[in-house]
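1. sequence and predicted structure are below.
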Number of protein chains: 2
Amino acid sequence: MLTKSSTELVRQQNSALVLAALRRSGNLSHTEISSETGLASATVSAITAELEKAGVLTKAEQQVQGGRGRPRVLFTPRRDHGHLIVVRISSDIVQYSLVDYGGTLLDRFDEVRNHDERGTAPFARSFVDALERLLQRSRLERDRVLAVSISSKGLVDGTSARLLWSPVFGREELDFAALLAPQWRAKVMLSNETLLVAQALAAQAERRPESGFRALAAISLGHSIGLGVARKSQSGELDVGAPNFGHMLHTPSAGLCRCGAYGCIEAAAGFYGILRAAFEVPADTIPAKFVPVTELDKIAASARQGHRMAGYAFRQAGIALGNGISRMLSLYERMPVHVTGPGIRYFDLMLPGIEEGLAQSMQVRLQGPPEIAVVADEQRLVFEGHLERVLGAIDGEIASAGIA
Amino acid sequence: MLTKSSTELVRQQNSALVLAALRRSGNLSHTEISSETGLASATVSAITAELEKAGVLTKAEQQVQGGRGRPRVLFTPRRDHGHLIVVRISSDIVQYSLVDYGGTLLDRFDEVRNHDERGTAPFARSFVDALERLLQRSRLERDRVLAVSISSKGLVDGTSARLLWSPVFGREELDFAALLAPQWRAKVMLSNETLLVAQALAAQAERRPESGFRALAAISLGHSIGLGVARKSQSGELDVGAPNFGHMLHTPSAGLCRCGAYGCIEAAAGFYGILRAAFEVPADTIPAKFVPVTELDKIAASARQGHRMAGYAFRQAGIALGNGISRMLSLYERMPVHVTGPGIRYFDLMLPGIEEGLAQSMQVRLQGPPEIAVVADEQRLVFEGHLERVLGAIDGEIASAGIA
DNA sequence: TTCATTTTCTCGACTGTCGAGAAAATAATT
DNA sequence: AATTATTTTCTCGACAGTCGAGAAAATGAA
């Protein structure tokens, strides 16, 4: 369904364009903005004047010296225009970061998660407390925070900021928007962790126009398995999603998954699945809550020394991933796959299985296997994805608001 | 990546909006267009005047009589603004239709396909000849044809109008754009058949705003299995795709598929798969090229009388579909499923298997099974989808072209 | 001090949307 | 038959936005 357009919307879109260009390339002069966005110089003047009046941009103090001619004055986002809080929830720790509108990190601390406590209520309390602490440490007023961006593994409803299913809380829902609504005016965003990885990688690819980016997938290997897909829609905007890949049906024989179903990809390719296969534990055993990496390192070592069952476990994990990726490609399209997460240390052991699992499908026979790249430093990518996403959302709101 | 906007683009978008409203609701008066689109009356005047000058719209001759006041004058697409050719390629016949810009059918004939001939060359010849014949029968000049819209089962590259894989030609590619490029000026569009079903159903759903349409899937059951997915993107536009569902990996034990791979959904749920299972033919037997419906009717009859293997064959087909649907839902999101195609006569026999196959996945356990509706009259829906798609594309081009 | 060069800023023209009210066309009423 | 009421279409001026061209500003080199 198309919607009506107007001259005001034109301004909105072009303001957003200017903000995005500044975001992408740091400080830009008037003429650089013009060439970057394709807007006429006069239009850039009008837009920057408006944004400057609204307190979103400033002229950067440090002039860049250079050749003759009138010196260029650089525009930059006003870092004190507002603040953002980024929360990265992982299985063992929760990381809280305070960031300014310019995207620079101001403060950060971790909290160890208590694995004994049950239910979401204690977590919700410590979450709210931690945000409060973050404010106090920087002597910041609550209303200066424009947005709180949260990430977790699991199934997420992005529009309403509700966590629908997660490895830790299971089916117990956690509504972050409702949690902060009474006190906080900030926009609350919740994203799947691997979606953010895909977002960050896609943003990187878009900065290299020669890469011809169209779509990519990110897979995170660890105790659980995550997938993020980023695709350019026909209108040119980025469409990012986090399918429920880890709990997509692989094959019922893969055994009991901690989600309660049988045969999820995770039950074969997650850490506990590999552990179970290596030790020949019956496949309907309740999965371990947490597997230390050292445990898996041992299995990997013996697999590399030729131990049969250890090797078999990793191979089965690979097949589950390969089949899953081939199914994903059947339902979307051919696209490169980026593999991250702690499990990449065992990637060499899984690769033969992945290739075997891929080769079974028609899609791969027809179009060839996808490019698979290993990407380290998942946590940095998640954080980058947070910034990309939350700053983009804030900029979009600013552009839409007009001078207000 | 955002792109720059301008006042001209505003006019384009709003022109497209007016054309779409007219398309949707038939003849509309000035004021009706205004309320339908949300545009101000003055804007509607400007746009309709421009489109009328360009020969796209006319004022309908037959005035609707009514109450007091100045009688409303209805706008309608000028039917002679151009013509469209719709080609529906199915396994046994090819249907050629001539349609005018108003969407009314002017001429139609079928050609029976010759199953003995090999390769794409003879087909390409008869295709070009048939288009020529369609012109002659209506004494139409070739350049009056604005677009040729073609549909087939199989894997399609919509942007370039190339058929990448099809049940009949296999891996032999068929480039319809290149085929018509020397002679025809018309825009050539190629779509997967089930994509068009999804498009038509989505258009119907969007006409009922109270249905709260967000996404839907269409599945076509027959000799092969097709899937179309239509989703509203966040920007509100309709995003339609045709995943390679029939040849998504189900389970290797499902046997040899006619695509050459093992374990495709089609190898279990397509007509030849059901036949093979019912007669206990070894699963690596080369599949039958064509199975008459009467043959399947017999198997269905004996299944309904309690014959074990016949019932088993339909159940296995159902499980393949159920598993496949659950995987599709894992990778997209929960959405209603519409089942069409000649195979719906056996839907009662497959439903238990479908439910079983669905129930195995975490997605369904968590969010419940999707609504499944049986929709008859697949061919009509395909044709509707053709019109929806090709007229939309033409209208979009007209709006973009300006007065030209 | 003047000139060349580069960047920023400003002005008028153009395109587009919108609201209000005039104009048109018909039915109902006097 | 003339007038009035009603409804729709059309037109005009105001306003928002972009664009190209050229003026103004600011600096290094001559």
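-> Thanks, I have the structure now.
2. in contact with A:V18, which residues?
-> Neighbour list for A:V18: A:33, A:37, A:39, A:44, A:47-48, A:51 [criterion: Cβ atoms under 8 Å, 6 or more residues apart in numbering or on different chains]. In short, each C-beta sits where N, CA and C put it, glycine included.
3. the closest residue to DNA strand C within the stretch 1-150 of chain A: neighbour count?
-> Closest contact between the stretch 1-150 of chain A and DNA strand C, by Cβ to the nearest atom of the strand, is at A:G69 (2.2 Å). A:G69 has 6 neighbours, counted by other Cβ atoms under 10 Å in any protein chain shown.
4. remind me which residues of the stretch 301-404 of chain A are low pLDDT?
-> A:402-404 (pLDDT under 70).
5. quick one on the thing from earlier: the residue of the stretch 1-150 of chain A closest to DNA strand C and A:K59, how far apart?
-> A:G69 is 17 Å from A:K59, where distance means Cβ to Cβ, to the nearest Å.
6. and the residue of the stretch 1-150 of chain A closest to DNA strand C, helix, strand or coil?
-> Of the three states, A:G69 takes coil according to DSSP: H, G, I helix; E, B strand; the rest coil.
7. for A:Q95, same thing?
-> strand.
8. other residues contacting the helix or strand hosting A:S126?
-> Using DSSP states H and E, A:S126 maps to helix A:121-137. The contact list for helix A:121-137 (Cβ under 8 Å, 6+ apart) reads A:85, A:87, A:94, A:96, A:98, A:107, A:109, A:111, A:113-114, A:117, A:140-142, A:145, A:148, A:169, A:174, A:179-180, A:183-184.
9. flag every buried residue along that helix.
-> Of all the residues in helix A:121-137, those buried under the rule 16 or more other Cβ atoms under 10 Å in any protein chain shown are A:123, A:127, A:130-131, A:134-135.
10. just give me the neighbour total for whichever residue of the stretch 1-150 of chain A sits closest to DNA strand D.
-> Taking Cβ to the nearest atom of the strand, DNA strand D has its nearest neighbour within the stretch 1-150 of chain A at A:A42, 2.8 Å off. Residues near A:A42, counting by other Cβ under 10 Å, number 9.
11. kindly indicate which of the contacts of A:V18 lies nearest B:G55.
-> A:L39 (34.1 Å; Cβ to Cβ).
12. so who does the closest residue to the closest one other than its chain neighbours touch?
-> Leaving out its chain neighbours, the residue that sits closest to A:L39 by Cβ to Cβ, 6 or more residues apart in numbering or on different chains is B:K4, at 5.6 Å. Counting by Cβ under 8 Å, 6+ apart, B:K4 makes contact with A:13-14, A:17, A:37-39.
13. check A:G318 too.
-> A:269, A:349-357.
14. just the buried ones from the contacts of B:K4?
-> Judged by 16+ other Cβ under 10 Å, buried ones among the contacts of B:K4: A:13-14, A:17, A:37, A:39.
15. roughly how far does A:K298 sit from DNA strand C?
-> 61 Å (Cβ to the nearest atom of the strand, to the nearest Å).
16. per-residue pLDDT, that residue?
-> pLDDT for A:K298: 96.
17. next: A:L174.
-> 96.
18. contacts only, for it.
-> A:120, A:123-124, A:162-163, A:166.
19. ok, A:S149 next?
-> A:S149 touches A:84-87, A:189-191, A:386, A:389-390, counting by Cβ under 8 Å, 6+ apart.
20. of those residues, grab the buried ones for ChimeraX.
-> Restricted to buried positions by 16+ other Cβ under 10 Å, the ChimeraX selection for the contacts of A:S149 reads:
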select /A:84,85,86,87,189,190,191,386,389,390
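21. now, which of the contacts of A:S149 lie within strands?
-> Members of the contacts of A:S149 lying in strands (criterion: DSSP state E): A:84-87, A:189-191.
22. quick one: A:I319 is in a strand?
-> No - read with three-state DSSP, A:I319 is helix and lies in no strand.
23. which residues touch it?
-> A:I319 neighbours (Cβ under 8 Å, 6+ apart): A:268, A:353-354, A:356-357.
24. check the residues you listed one by one and keep those near chain B.
-> Residues of these in contact with chain B (Cβ under 8 Å from any Cβ of the partner chain): none.
25. out of those, which is most surrounded?
-> A:A268 (29 neighbours).
26. contacts with DNA strand D among the buried ones among the contacts of B:K4, please.
-> A:14, A:39 (Cβ under 7 Å from any atom of the strand).
27. as TSV, the buried ones among the contacts of B:K4 with pLDDT and secondary structure would be great.
-> Formatted as TSV, the buried ones among the contacts of B:K4 follow (pLDDT from 0 to 100; DSSP: H, G, I helix; E, B strand; the rest coil):
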residue	pLDDT	secondary structure
A:Q13	95	helix
A:N14	96	helix
A:L17	96	helix
A:T37	94	helix
A:L39	95	coil
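28. I'd like the buried ones among the contacts of B:K4 laid out as JSON lines, including distance to B:G26.
-> Formatted as JSON lines, the buried ones among the contacts of B:K4 follow (distance: Cβ to Cβ, whole Å):
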{"residue": "A:Q13", "distance to B:G26": "33"}
{"residue": "A:N14", "distance to B:G26": "37"}
{"residue": "A:L17", "distance to B:G26": "38"}
{"residue": "A:T37", "distance to B:G26": "41"}
{"residue": "A:L39", "distance to B:G26": "40"}
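29. quick check, nearest of the buried ones among the contacts of B:K4 to A:A303?
-> Once Cβ to Cβ is applied, the member of the buried ones among the contacts of B:K4 that ends up nearest A:A303 is A:L17, at 51.6 Å.
30. what parts of chain A come near DNA strand C?
-> Counting by Cβ under 7 Å from any atom of the strand, the residues of chain A that sit close to DNA strand C are A:4-7, A:29-31, A:41-42, A:45, A:48, A:67-73.
31. who's in contact with the residue of the stretch 51-200 of chain A found nearest chain B?
-> Residue nearest to chain B within the stretch 51-200 of chain A: A:W165 (6.0 Å; Cβ to the nearest Cβ). By Cβ under 8 Å, 6+ apart, the residues touching A:W165 are A:154-155, A:171, A:259, B:366.
32. could you pull out the helices for the stretch 301-404 of chain A?
-> Along the stretch 301-404 of chain A, counting by DSSP state H, counting those that start in this stretch, helices occupy A:308-331, A:347-359, A:362-367, A:378-401.
33. and the last one, what does it pack against?
-> To tie it back to what came earlier, the one meant is helix A:378-401. helix A:7-25, strand A:83-89, strand A:145-152, strand A:187-192, helix A:193-207 (3 or more Cβ pairs under 8 Å, 6 or more residues apart in numbering or on different chains; DSSP states H and E).
34. may I see the buried residues of that helix?
-> Applying 16+ other Cβ under 10 Å to helix A:378-401 flags A:378, A:381-396, A:398-399 as buried.
35. per-residue confidence for the residue nearest in space to the middle of chain A?
-> Among the residues of chain A, the one closest to the centroid is A:L196, at 0.8 Å (Cα atoms, centre = their mean). pLDDT for A:L196: 98.
36. who are the contact partners of the nearest residue to it once chain neighbours are set aside?
-> If the residues on either side of it in the chain are set aside, A:L196 comes closest to A:G385, at 2.8 Å by Cβ to Cβ, 6+ apart. For A:G385, the contact set (Cβ under 8 Å, 6+ apart) comprises A:151, A:191, A:195-200, A:203.
37. all set now, cheers.
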